[in-house]
Every structure is written in structure tokens, then in C-alpha cells.
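Participant: Whatever this is, show me its structure:
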Amino acid sequence: MGIIMWLVVGGVIGWLASVIMRADGQQGIILNIMVGIIGAFIGGLIFARGEINNAPLTITTFLVSLVGSIILLAIVNMVRRGSIR
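Facilitator: Model prediction:
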């Protein structure tokens, strides 16, 4: 059941991050899931000082994952266009 939650929450977080960053076009569900999961990893590394744990889903962990996803999309935008939107 844990992997299904990762996919669902990752998809929602990736979609929200792409809406906030006004990503070009439709990313698709697979890319949204990837952005959400990788963003959660990045957010965990930044805000947990490199310690990755198996914390339950709370508002705090959701926001950390969202911020990590936004950072990931900002980095992708910088590489692709040379500027952050």
C-alpha cells in the first residue's frame, strides 16, 4: 500500500508544483509523479539536513515535498531556458 501512496501523493505534488511554476503544456501523469517523488527527496535533503526518514504524510511533509518539487522545476527551467519564471 505504501508504493501506491507514493505514486498518488507524488502525482498530486508534481501537478501542484507544475501549476505554481506554470510549466509548459501538459506534463502528463508519469512526469508529475516523477517530479513529486524526486522533489520530495530534494526537499527532505534540504530541510532534514540530509537525513531521510520514513515520516508519515502530514501537512509539513506535504509542504516540504511541494517546495522540493518547485525547486526541481526551477532548476529544470534554468537549464532549459536560462531563467526562472
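
Participant: Next, the residues that contact the biggest helix by length in the chain from outside, please.
Facilitator: Assignment by DSSP state H gives helix 59-81 as the longest helix of the chain. Identification of contacts with helix 59-81 by C-beta atoms under 8 Å, 6 or more residues apart in numbering yields 9, 13-14, 16-18, 20-21, 23, 35-36, 38-48, 55, 83-85. Where C-beta positions appear, they are placed from N, C-alpha and C, glycine not excepted.

Participant: gap between residue 19 and residue 3?
Facilitator: Applying C-beta to C-beta, to the nearest Å, the value for residue 19 to residue 3 is 25 Å.

Participant: ditto for residue 57
Facilitator: Residue 57 is 14 Å from residue 3, by C-beta to C-beta.

Participant: Same check on residue 79?
Facilitator: For residue 79, the distance to residue 3 - C-beta to C-beta - is 29 Å.

Participant: I'd like to know how many residues surround residue 62.
Facilitator: 16 (other C-beta atoms under 10 Å).
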